[in-house]
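**Q** missing the sequence, but the structure's below:
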Ligand code: PMP
């Protein structure tokens, strides 16, 4: 008997049309080789994990039979109430007056992006993003079949034509932004740009998704208000706000806990809870309870440790770039987060450079092109400074600069 295997491509739902692996994934697989100096992974430095605090938290949870029984059981989709109440306090400190009904715990902020996409994006819904933007957000939104638009150049600095914008965006558009230390650029929106973005959102009746993944990692300058806080100042209360805020413990505690949250109007959170139920019921109960115990003590102290460590690495990479990069190369100057964005001379393609960088200099990074949603640019790369030591940064940047100089 002969059997024919199914033609899967004919069976996928229409929403799969644009779900494709990017070719850089193949290249990035090569990075497992131990002699490669990598600026590729935008992941926390494991040396900064609060391991003993996390151990104490899990030990404490499991040592008490009543707590253990709760921690190992199913729980509510909204998330563990004491953790949500702790987040209410943190949001208040960031200028967002809310209560626990405004917060849902998610499996990292990545799940928040997926659930918000599911809730808000249908075929053809306009999604406006920065140029470049976070690739993971594009991956979360794309299956819901949006139509991507870049934030027009100069729209936040020089103003915009509201009528043209409205026509381009259509009904109920979404704006997705990372105002603090963005992935991939490391750049932040100034206060004036945040206000201009809210003006634009009001003019186009746009829902804003604020991704605050790196917000707590500021190592230089003064904190700026979140979009949600500025929105509430205009709208009167969180219930009237148009901004949905996504936070995460991935960069400050540990990404493996898979703990993030969404903060927004109660009506929106209630709908998200229904989607969360259909998706995975709830975030791991024991992780939520242990994380709550871990962050309840000394969190600010832990944050200042992280800020000092990433600040020192940022200083190292900015110094190395200034020392080694040839003319025609420019880069961002992050005040927080984990990334520097490099613009190469126009004739250099970031993906082609990566291939040569691995082969010739044993150094790696992420090419810039996949981070563009609408109009692509290829002459850019992203460097993450979170993992290498200062000495490795100096060595790696020198090697990369050498390659660029001869490209
Ligand atoms: N947003 C941004 C901007 C990110 O860089 C990341 C992590 N790469 C995420 C969201 C998702 O992180 P997590 O799901 O671990 O919270």
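**A** Structure received. Just so we're clear, the structure is a prediction, and the values are computed from it rather than from any experiment.
**Q** for residue 35, report the pLDDT, please.
**A** pLDDT recorded at residue 35 is 89.
**Q** look up how far residue 399 lies from it.
**A** To residue 399, residue 35 is 12 Å away according to Cβ to Cβ, to the nearest Å. C-beta coordinates here come from the backbone N, C-alpha and C atoms, glycine included.
**Q** same deal with residue 165?
**A** 44 Å.
**Q** for residue 241, which non-adjacent residue is closest in space?
**A** residue 231 (4.5 Å; Cβ to Cβ, 6 or more residues apart in numbering).
**Q** end to end, how far does stretch 230-248 reach?
**A** 20 Å (Cα to Cα, to the nearest Å).
**Q** pull out the buried residues from it.
**A** Judged by neighbour count (16 or more other Cβ atoms under 10 Å), stretch 230-248 contains these buried residues: 230-232, 235, 238, 241-248.
**Q** and what of stretch 175-189?
**A** So, applying 16+ other Cβ under 10 Å, buried residues of stretch 175-189: 175-189.
**Q** same question, stretch 276-292
**A** Neighbour counts over stretch 276-292 (16+ other Cβ under 10 Å) mark 276, 279, 282-292 as buried.
**Q** and those residues as CSV, adding secondary structure?
**A** Shown next, in CSV, are the buried residues of stretch 276-292 (DSSP: H, G, I helix; E, B strand; the rest coil):
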residue, secondary structure
276, helix
279, helix
282, coil
283, coil
284, coil
285, helix
286, helix
287, helix
288, helix
289, helix
290, helix
291, helix
292, helix
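**Q** now, which of those sits nearest the ligand?
**A** Among the buried residues of stretch 276-292, residue 283 lies closest to the ligand (Cβ to the nearest ligand atom), at 11.2 Å.
**Q** secondary structure of residue 176: a strand, I assume?
**A** Yes - assessed with three-state DSSP, residue 176 lies in a strand.
**Q** I'd say it and residue 141 touch.
**A** Yes - contact criterion Cβ atoms under 8 Å: residue 176 and residue 141 qualify, at 7.3 Å.
**Q** anything in contact with each of the two?
**A** Taking Cβ atoms under 8 Å, 6 or more residues apart in numbering as the criterion, residue 176 and residue 141 both touch 113, 127.
**Q** who touches the helix or strand hosting residue 269?
**A** Element membership for residue 269, per DSSP states H and E: helix 266-280. The contact list for helix 266-280, computed with Cβ under 8 Å, 6+ apart, reads 77-78, 101-104, 106-107, 111, 115-116, 118-119, 239, 244, 262, 282.
**Q** can you check stretch 305-322 too?
**A** Residues outside stretch 305-322 that contact it (Cβ under 8 Å, 6+ apart): 45, 48, 216-220, 252, 329, 331, 333-334, 336-338, 340, 342, 383, 385-386, 388, 390, 393-394, 397-398, 401.
**Q** thinking again about what came up before, can I assume the residue nearest to residue 241 sits in a strand?
**A** No - assignment of residue 231 by three-state DSSP gives helix, placing it outside any strand.
**Q** and the pLDDT at it?
**A** Per the predicted model, pLDDT is 98 at residue 231.
**Q** now the one 10 residues further on
**A** The per-residue pLDDT reported for residue 241 equals 98.
**Q** change the start of the numbering to 690 and stick with it
**A** Let's use 690 as the start, then, which means that last one is residue 930.
**Q** any idea how far it lies from residue 969?
**A** The gap separating residue 930 from residue 969 is 27 Å, by Cβ to Cβ.
**Q** again with residue 704
**A** On the measure of Cβ to Cβ, residue 704 and residue 969 end up 19 Å apart.
**Q** go on, residue 1021?
**A** For residue 1021, the distance to residue 969 - Cβ to Cβ - is 36 Å.
**Q** for residue 988, same thing?
**A** 26 Å.
**Q** quick revisit: strands - which of the buried residues of stretch 919-937 land there?
**A** Of the buried residues of stretch 919-937, the ones assigned to strands by DSSP state E are 932-937.
**Q** tabulate those residues (TSV), appending distance to residue 958.
**A** TSV is the format used below for these (distance: Cβ to Cβ, whole Å):
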residue	distance to residue 958
932	13
933	9
934	11
935	12
936	13
937	17
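**Q** burial count for the closest residue to the ligand within the chain?
**A** For the chain and the ligand, the shortest gap (Cβ to the nearest ligand atom) falls at residue 797, measuring 2.5 Å. Applying other Cβ atoms under 10 Å, we find 22 residues neighbouring residue 797.
**Q** ditto for residue 1036
**A** 8.
**Q** for residue 1051, give me its contacts.
**A** When contacts are counted by Cβ under 8 Å, 6+ apart, residue 1051 touches 724-726, 1088.
**Q** could you redo the last one with a cut-off of 7 Å?
**A** 724-726 (Cβ atoms under 7 Å, 6 or more residues apart in numbering).
**Q** hang on, the earlier thing: wait, the residue of the chain closest to the ligand sits on residue 935?
**A** No - using Cβ atoms under 7 Å, residue 797 is not in contact with residue 935; the gap is 9.5 Å.
**Q** what do the two both touch?
**A** Going by Cβ under 7 Å, 6+ apart, residues that sit against residue 797 and also against residue 935 are residue 949.
**Q** now the helices for the stretch 690-839 of the chain?
**A** 697-700, 713-718, 740-752, 754-760, 770-782, 797-809, 824-830 (DSSP state H, counting those that start in this stretch).
**Q** pLDDT wise, what is residue 718 at?
**A** The model reports residue 718 with a pLDDT of 74.
**Q** what number of residues lie near it?
**A** Residue 718 has 9 nearby residues by other Cβ under 10 Å.
**Q** spell out which parts of the stretch 690-839 of the chain neighbour the ligand.
**A** Residues of the stretch 690-839 of the chain found near the ligand, taking Cβ under 6 Å from any ligand atom as the criterion, are 731, 797-799, 823, 825.
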